[in-house]
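*Asks:* Okay, structure incoming, though there's no sequence with it:
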């Protein structure tokens, strides 16, 4: 007998060939099902905003998840009874509670942390629900208390005489060991509270429900930890292509513009410049939901409108002193912008146009803080009680001029009782730099006597509705946006512009009645900054490429990090350039290289007219940027107690959340055991088949 090997191979190959289509079909089926397995198990939930990790020279604040996310059973806390049940009775920890705007506060969060039963928090942000009526501010009761003028043994340090923000609960400065997310979409609300909590997790007669339970996984891992010095050292030690660092300094740019250019002077003359300033930034506990309507919005919008007034009459006015409109970034985080400007000035590194600016160049300072919610129907003007006797006369002149200007527009102006300190303001950086050797006569204009009238300072509830500047619907550039707040800020801007004119002309009041802010421009700025950035005004002052990047929502006022474009800074600069009204028609942006000394040129696509056409503009202005980043990141003195040290952690991926059902520990153990048994049996079966293959897989021999 002779075995034909070729025939044997054929005989073996034939069954395999017949099985191949079946095997391929099975693979395709498994692959098709496998692609949907995740969708069958998990339900994604959209995250609107989230708490991030920030650090300073001593601490870390904010939130983060574990590397692979935090998992917990969903529990809805609507009342104190729901909170008590979770803490005292809830047997299925860890939990992830869902809180409302009313229940999300430092007291509730503190109790949840102390319970050691939670791994995250979800906050429902329902736009149909009013903000907490009693107020909500996650900032401290004494904002920026460790920086500024009153920290060097002053009797006014740490708000010892005036607690400016009594509603502050300090949530933004807590170090939370879990993620906190905001969910805003109605469909996600319904899913979490209905399909998840009500259906699977809601206690019945105070008894815990049976398995399965609905859980969520929250993922937002942050790389930064401990404090700024630690994080910056780690970043420098491990800075390479694969790992570019763990954190970044908070910072952006300040914006400034002088009424008259500096083209020939080497140095700005002594006592020749008036600084009018406002801050551009605010914050909230949640990254991406930083309202800022009154916290910073009313102040810088009024100052922009005042600048527009004075730029319209610059060529025809007998100015003896120049005015520099200055908009500071990062003031919420220990005066980043103003302290950097002072640092640069005192180190002979700050120029306006072609001229070097010194501290002794400044004659007066006037700052606008929160001015949208009048206390006792009045604006309030604050001065420094520690100012020297030599400054008393100049300060009295400032107050008198501002009071007269306010009277001219029927706005009441009052002054706190003698001995009241300055509120948190950029002015403190400048006065601190002078060390009382060369004081700058300064005023801070606010809407509050002592504590803030803004009940939602630096929170997500500081919205346009709270300052009566609500959404007016679809707006074209010809639409009149004369909300109550627009009318109020128009009067404030007019009063400020008239006061600055009187000061800059050394007392002249000849043309002050002709100085009046444009209510239409004020209304549009309120609408664009607080409601819709893709508005006709903002689209018109940008080129087409940048206009396309506007997202159509409110303009964020979080200072962010320097590597991220900050729209409030960009738009403020563009508005100042546009208000200069020194523009010529242009078809492209080549004009940016043709500015005369002391000026910069900017190309704008122009505001769309009623026919839908635009006329491009090339505008020249003295408006410019200057760095708004703490000096400690230049000197690497990250432990400084004199300058801001705030950094923002980098994170692994965007915040994400998904829901799924979990079974009991016993069932999971049984499933695991069954899986292990099946695995072992499979190995035994394969082993048996392998050693018996010559018996199990035989082929017929072919005789010759």
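*Replies:* Received, thanks. All of these numbers come straight from a predicted model, not from anything done at the bench.

*Asks:* going forward, measure contacts between C-alpha atoms and count neighbours the same way
*Replies:* Will do.

*Asks:* my read is residue 601 is in a helix, agree?
*Replies:* No: counting by DSSP: H, G, I helix; E, B strand; the rest coil, residue 601 falls outside a helix, being strand.

*Asks:* Any idea what it is bridged to?
*Replies:* The residues listed as beta-bridge partners of residue 601 by DSSP bridges are residue 620.

*Asks:* Count the residues that sit near residue 373.
*Replies:* Neighbourhood size, residue 373 [other CA atoms under 10 Å]: 23.

*Asks:* Next up, phi/psi of the one residue sitting closest to the centre of the chain, please.
*Replies:* Centre of the chain computed as the mean C-alpha position; nearest residue by CA atoms, centre = their mean is residue 558, 2.7 Å away. For residue 558, the backbone dihedrals (degrees, to the nearest 10) come out as phi -70, psi 130.

*Asks:* So it versus residue 462, what's the distance?
*Replies:* Residue 558 sits 13 Å away from residue 462, going by CA to CA, to the nearest Å.

*Asks:* what is in contact with these two at once?
*Replies:* Taking CA atoms under 8 Å, 6 or more residues apart in numbering as the contact rule, residue 558 and residue 462 both touch residue 290.

*Asks:* tell me the contacts of the residue nearest to the centre of the chain?
*Replies:* Applying CA under 8 Å, 6+ apart, the residues near residue 558 are 281-283, 287-288, 290, 330.

*Asks:* Likewise for residue 208?
*Replies:* 90-91, 201-202.

*Asks:* quick one, strands of the stretch 251-400 of the chain?
*Replies:* For the stretch 251-400 of the chain, the strands defined by DSSP state E, counting those that start in this stretch occupy 251-258, 273-279, 322-328, 351-352, 355-356, 362-368, 378-382.

*Asks:* nearest to residue 587, of the ones you listed?
*Replies:* strand 251-258 (25.5 Å; CA to CA).

*Asks:* Would you give the sheet partners of the closest one, along with the direction of each?
*Replies:* strand 322-328 (antiparallel), strand 624-629 (antiparallel).

*Asks:* how big is the angle separating the longest one from strand 273-279?
*Replies:* Same thing as strand 322-328. Comparing the axes of strand 322-328 and strand 273-279 via axes from the mean of the first three to the mean of the last three CA atoms, to 10 degrees yields an angle of 20 degrees.

*Asks:* Could you do the shortest one as well?
*Replies:* Counting by the same axes, to 10 degrees, strand 624-629 points 60 degrees away from the direction of strand 273-279.

*Asks:* Now the element after strand 624-629, going C-ward?
*Replies:* Per DSSP states H and E, strand 624-629 leads on to helix 632-635 as the next helix or strand towards the C-terminus.

*Asks:* What lies in contact with that next one?
*Replies:* Contacts for helix 632-635 (CA under 8 Å, 6+ apart): 249, 638, 640, 643-645.

*Asks:* Determine how far the helix or strand just after it lies from the middle of the whole chain.
*Replies:* Proceeding N to C from helix 632-635, the next assigned helix or strand is strand 647-649, under DSSP H and E. Here strand 647-649 is found 13 Å from its chain centre; the criterion is CA atoms, centre = their mean, to the nearest Å.

*Asks:* And the strands in the stretch 101-250 of the chain, which stretches?
*Replies:* Counting by DSSP E, counting those that start in this stretch, one finds strands in the stretch 101-250 of the chain at the ranges 121-124, 180-183, 213-219, 247-249.

*Asks:* and residue 139, which of those is closest to it?
*Replies:* Closest of those to residue 139 is strand 180-183, at 16.7 Å (criterion: CA to CA).

*Asks:* Could you give the average pLDDT over that closest one?
*Replies:* Mean pLDDT, strand 180-183: 97.

*Asks:* List the neighbouring strands of it plus their orientation.
*Replies:* Going by DSSP bridges, the partners of strand 180-183 are strand 49-50 (antiparallel), strand 121-124 (parallel).

*Asks:* Quick check: which of the strands paired with strand 251-258 is buried the most?
*Replies:* strand 322-328 (a mean of 25; mean count of other CA atoms under 10 Å).

*Asks:* From the chain's centroid, how far away is that one?
*Replies:* Relative to its chain's centre, strand 322-328 lies at 24 Å (CA atoms, centre = their mean).

*Asks:* Grab the nearest non-local neighbour of residue 268.
*Replies:* residue 357 (5.4 Å; CA to CA, 6 or more residues apart in numbering).

*Asks:* got the contact list for that neighbour?
*Replies:* By CA under 8 Å, 6+ apart, the residues touching residue 357 are 267-268, 345, 348, 350-351.

*Asks:* So for it, what's the pLDDT?
*Replies:* If you check residue 357, the pLDDT there is 96.

*Asks:* ok, now residue 434?
*Replies:* 61.

*Asks:* Then residue 325?
*Replies:* 98.

*Asks:* My read is that it contacts residue 257, right?
*Replies:* Yes: the pair residue 325 / residue 257 is scored as a contact, 5.3 Å apart, by CA atoms under 8 Å.

*Asks:* Which neighbours do the two have in common?
*Replies:* Common contacts of residue 325 and residue 257 (CA under 8 Å, 6+ apart): none found.

*Asks:* okay, the strands of the stretch 101-250 of the chain in JSON lines with distance to residue 341 and mean neighbour count next?
*Replies:* Listed next are the strands of the stretch 101-250 of the chain as JSON lines, based on distance: least, CA to CA, whole Å; neighbours: other CA atoms under 10 Å:
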{"stretch": "strand 121-124", "distance to residue 341": "38", "mean neighbour count": "23"}
{"stretch": "strand 180-183", "distance to residue 341": "35", "mean neighbour count": "26"}
{"stretch": "strand 213-219", "distance to residue 341": "38", "mean neighbour count": "25"}
{"stretch": "strand 247-249", "distance to residue 341": "16", "mean neighbour count": "24"}
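
*Asks:* Format the strands paired with strand 180-183 as JSON lines; extra columns: mean pLDDT and distance to residue 114.
*Replies:* Below are the strands paired with strand 180-183 laid out as JSON lines (pLDDT from 0 to 100; distance: least, CA to CA, whole Å):
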{"stretch": "strand 49-50", "mean pLDDT": "96", "distance to residue 114": "22"}
{"stretch": "strand 121-124", "mean pLDDT": "96", "distance to residue 114": "14"}
